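*Asks:* sequence first, then the predicted structure:
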Amino acid sequence: MTDVQTRTDNVLPAEEPPGRPATASTRRLVLLGAGALGTTAVLAACGTSTTNTNGSGFSNQPAPAGSAEGAGSTAGAGSTAGATGGSALASTADIPEGGGIISGDLVITQPKAGTFKAFSKVCTHAGCDVSKVDGGVITCPCHGSKFSIDTGEPTTGPATKALAETKVKVDGDNIVKA
């Protein structure tokens, strides 16, 4: 059997017994390094990211829906997202009864004829943008949360908090901030 030595100088330190290869400290270093790497991986997995699962950025404290901070996004046809009260967010004809649309930073719904509501499109679970309004619910594609079109409250988790509401009113044929 061949004796494999890990040191090139063939000189053993005084604390190691003669005739034993000098591998104890090398093994310790490898094990310590592996442990540190594993710990780093676990901590990184538990960290908070500023990018949600659909690739867009989000904040743990997003700006209120329709605020000037969120005005970088574009709204649907004929509307101006992030504008102050009085600017059309959508046309009443665009919002189906029992449904809604996503326009700019808002989800605008019509839970019953003539009643219009607006909520932030940012899911309260992980900050993803909700993707559709159908069957009386607002749906987030990231983890399957569903929200009421009437109250913004979650009807299916994992979200536990309601979507932030923005007060709106009807002005002629348009929906505007109240």
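*Replies:* Yep, it's here.

*Asks:* now residue 148. Its backbone dihedrals?
*Replies:* phi -70, psi 140 (degrees, to the nearest 10).

*Asks:* pull the number of nearby residues for it.
*Replies:* Residue neighbour count, defined by other CB atoms under 10 Å, stands at 18 for residue 148. In this view, the C-beta of every residue, glycine as well, is placed from N, C-alpha and C.

*Asks:* you'd agree it is up against residue 136?
*Replies:* Yes - with contacts counted by CB atoms under 8 Å, residue 148 reaches residue 136, the gap being 7.5 Å.

*Asks:* residues in contact with both of these two, list them for me.
*Replies:* residue 111 (CB atoms under 8 Å, 6 or more residues apart in numbering).

*Asks:* in the protein, which spans are helices?
*Replies:* Under the criterion DSSP state H, helices of the chain are mapped to 24-46.

*Asks:* so, low pLDDT: which residues of it?
*Replies:* Flagging of the chain using pLDDT under 70 yields the residue ranges 1-24, 41-86.

*Asks:* all strands for the chain, in order.
*Replies:* Secondary structure of the chain, counting by DSSP state E: strands at 88-91, 99-103, 106-112, 115-120, 132-134, 137-139, 146-148, 154-156, 165-166, 168-171, 174-177.

*Asks:* these: which one's closest to residue 28?
*Replies:* Nearest to residue 28 among those is strand 154-156; the distance by CB to CB comes to 50.6 Å.

*Asks:* in its sheet, what does the closest one sit against?
*Replies:* strand 146-148 (antiparallel) (DSSP bridges).

*Asks:* tell me, how many residues neighbour residue 126?
*Replies:* Each residue near residue 126 was counted by other CB under 10 Å, and the total is 17.
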